[in-house]
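K.L.:
What would the 3D arrangement of this be:
(chains A, B, C and D)
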4 protein chains.
Amino acid sequence: MGCFNSVVINAPADKVWTTIRDFHDLSWAPNVVEDVEKVGDIPGTQIGAKRVLNGAFQETLLGLDDNQRTLRYSIDDGPDAVSKDNVKGYVGRVQVLPVTDTDTTYISWETSWESSGGGVQEFCDPIYQALLADLKKTFS
Amino acid sequence: MGCFNSVVINAPADKVWTTIRDFHDLSWAPNVVEDVEKVGDIPGTQIGAKRVLNGAFQETLLGLDDNQRTLRYSIDDGPDAVSKDNVKGYVGRVQVLPVTDTDTTYISWETSWESSGGGVQEFCDPIYQALLADLKKTFS
Amino acid sequence: MGCFNSVVINAPADKVWTTIRDFHDLSWAPNVVEDVEKVGDIPGTQIGAKRVLNGAFQETLLGLDDNQRTLRYSIDDGPDAVSKDNVKGYVGRVQVLPVTDTDTTYISWETSWESSGGGVQEFCDPIYQALLADLKKTFS
Amino acid sequence: MGCFNSVVINAPADKVWTTIRDFHDLSWAPNVVEDVEKVGDIPGTQIGAKRVLNGAFQETLLGLDDNQRTLRYSIDDGPDAVSKDNVKGYVGRVQVLPVTDTDTTYISWETSWESSGGGVQEFCDPIYQALLADLKKTFS
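P.N.:
Residues are numbered from 1 along each chain as shown, chains lettered A, B, ... in the order given. I've put the predicted structure just below:
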């Protein structure tokens, strides 16, 4: 049960990772994320950082790893199918890997959840596809 | 300590995985592997299968996973820098991941070893680059 | 969504792994598995091996890794909550890790599924607990 | 090439993880770590946090994951075998896993490095064994 989306980005892995690793900076997704609200004083590279995206998605940074170039976060509450009444235990994982022969980047955005009242994948897949398309455009 | 090489292949992940998963079939690398000798009667999808490549590289299949699309193997003895006198604990891991937006494939070939007398990465990197280039050509 | 059960076994990791790695040998679980039927001629260490447990659980070996001491399998059909009508994409993963200070073993049995009509965890957790208790007894 | 040490701790996984996750708090290892110097203002749960242990080991937090209960760090410089002149690319990984049947914890401390002038494992293994013994004592 989950979403899996991935693209190839026309930039080196370190550059892509540096661009996306700060949980409070989504300037690389201007067509999807219009508003990022930082909750409290915790910086976006500290575990436990919280953000509200587009006034609706409440998320917490669970893990960040510069060595593996991965991050993990939860959606704690949100609109429609990702409301806390419809879905429990929603966790996302983003992984950045180098494509060595062209010095470009493979990135996957994978999410899973423990239980739901349905409709989560249908609601979420287009969002991740749009996020990744925006990231691709940033480096095109 | 290790090698890391990766490419994007112009074919779906299932097709790429099906092509490479049999430890005794390297027909996808005609410019690199001229000869594959199966050792004994163990099929190439059974853990413990052994092969000799180009009459020189003695390798054993340690792991194979159709769910994760990964395989793991050891080089037990070989020429030059990968002879058993020069390197100990040499293990390779191949991972196949889908690139969903274009229905293509990311594949990484990663190896590590416990100790060596030196020169292993310099010797091995070009081999994996040639193998992956051949795989790329197979699906071009 | 899934089951997670784990125990510590009073034997070295290599011995525990050797005991459980053959998909067709469940002699280490005499109180849980009364009957193992091998389907076809594929050996229990070849990927794709099939078994029927207690005349009811139809399972396929998806992955086996002697280096990581892990195996992965699917339940393709079974009784009650794990019937193919109630659950889709059921995959189990068994991992064996050494406890170095006492030369004993940690083993986890983790399963997940893509979707279900409910009741899967309640049905499955007691089975894995009984399997692991049997393995523990084997080495006590 | 690396160290692998692991023990079972007589406390639930959440409690063990909470105890060790802050990179600046080693109060659980009083017999091994006499002095922890925080470098700069970065908190111990923020990626990039730096510490100096016992006035000698200079380390950086590379990754922290509350969901997987893992942390990753580098030794950037240190005494003897872990001086930056003797070892390159030294990375450690700590993983906490629940032992469900007894509600206790399995913890592994694994390290690897890219290259060295030798003697690293012999120097480091006793340190990790002492750290884990101290953690065990904390919860005994």
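
K.L.:
Name all residues that make contact with the closest residue to A:Ser112 other than its chain neighbours.
P.N.:
Using Cβ to Cβ, 6 or more residues apart in numbering or on different chains and skipping the chain neighbours, the partner closest in space to A:Ser112 is A:Gly2 (3.7 Å). Heads up, the C-betas are built off the backbone N, CA and C, glycines and all. Contact analysis of A:Gly2 by Cβ atoms under 8 Å, 6 or more residues apart in numbering or on different chains lists A:Glu110, A:Thr111, A:Ser112, A:Trp113, A:Gln121, C:Glu114.

K.L.:
cool, A:Gly40 as well?
P.N.:
A:Lys50.

K.L.:
what secondary structure does the closest residue to A:Thr19 other than its chain neighbours sit in?
P.N.:
Leaving out its chain neighbours, the residue that sits closest to A:Thr19 by Cβ to Cβ, 6+ apart is A:Trp28, at 5.3 Å. Following DSSP: H, G, I helix; E, B strand; the rest coil, A:Trp28 is assigned to coil.

K.L.:
Now do stretch A:27-44, average pLDDT.
P.N.:
The average pLDDT for stretch A:27-44 rounds to 97.

K.L.:
repeat for stretch A:128-140
P.N.:
97.

K.L.:
that older thread, the residue nearest to A:Thr19 contacts A:Asp134, doesn't it?
P.N.:
Yes. Using Cβ atoms under 8 Å, A:Trp28 makes contact with A:Asp134 at a distance of 6.6 Å.

K.L.:
Tell me the residues of chain A that contact chain B?
P.N.:
A:4-8, A:97-102, A:104, A:106, A:108, A:129, A:132-133, A:136 (Cβ under 8 Å from any Cβ of the partner chain).

K.L.:
If any of those are buried, give me the PyMOL selection for them.
P.N.:
Selection of buried members from the residues of chain A next to chain B for PyMOL, criterion 16 or more other Cβ atoms under 10 Å in any protein chain shown:
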select buried, chain A and resi 4+5+6+7+8+97+98+99+100+104+106+108+129+132+133+136
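
K.L.:
Quick one: find the helix or strand in chain A with the lowest mean pLDDT.
P.N.:
Ranked by mean pLDDT, DSSP states H and E, the weakest helix or strand in chain A is strand A:115-116, scoring a mean of 91.

K.L.:
Show me what that strand is packed against.
P.N.:
In this structure, strand A:115-116 packs against strand A:87-88, with contacts taken as 3 or more Cβ pairs under 8 Å, 6 or more residues apart in numbering or on different chains; DSSP states H and E.

K.L.:
hmm, back to that, okay, and which of the contacts of A:Gly2 map to helices?
P.N.:
A:Gln121 (DSSP state H).

K.L.:
Put together CSV for the contacts of A:Gly2, with pLDDT on each row.
P.N.:
Output for those, formatted as CSV (pLDDT from 0 to 100):
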residue, pLDDT
A:Glu110, 98
A:Thr111, 98
A:Ser112, 96
A:Trp113, 94
A:Gln121, 96
C:Glu114, 91
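
K.L.:
Who wins on neighbours among the contacts of A:Gly2?
P.N.:
A:Thr111 (24 neighbours; other Cβ atoms under 10 Å in any protein chain shown).

K.L.:
That residue and A:Val82: what is the separation?
P.N.:
10 Å (Cβ to Cβ, to the nearest Å).

K.L.:
Mind listing the shared neighbours of the two?
P.N.:
With Cβ under 8 Å, 6+ apart as the test, A:Thr111 and A:Val82 both reach A:Tyr90, A:Cys124.

K.L.:
now the strands for chain A?
P.N.:
All strands of chain A, identified by DSSP state E, fall at A:2-9, A:36-39, A:50-53, A:57-65, A:70-77, A:87-88, A:91-99, A:104-112, A:115-116.

K.L.:
So in terms of bridging, what pairs with A:Phe57?
P.N.:
A:Leu53 (DSSP bridges).

K.L.:
And the residue of chain A that's closest to chain B?
P.N.:
A:Tyr106 (4.2 Å; Cβ to the nearest Cβ).
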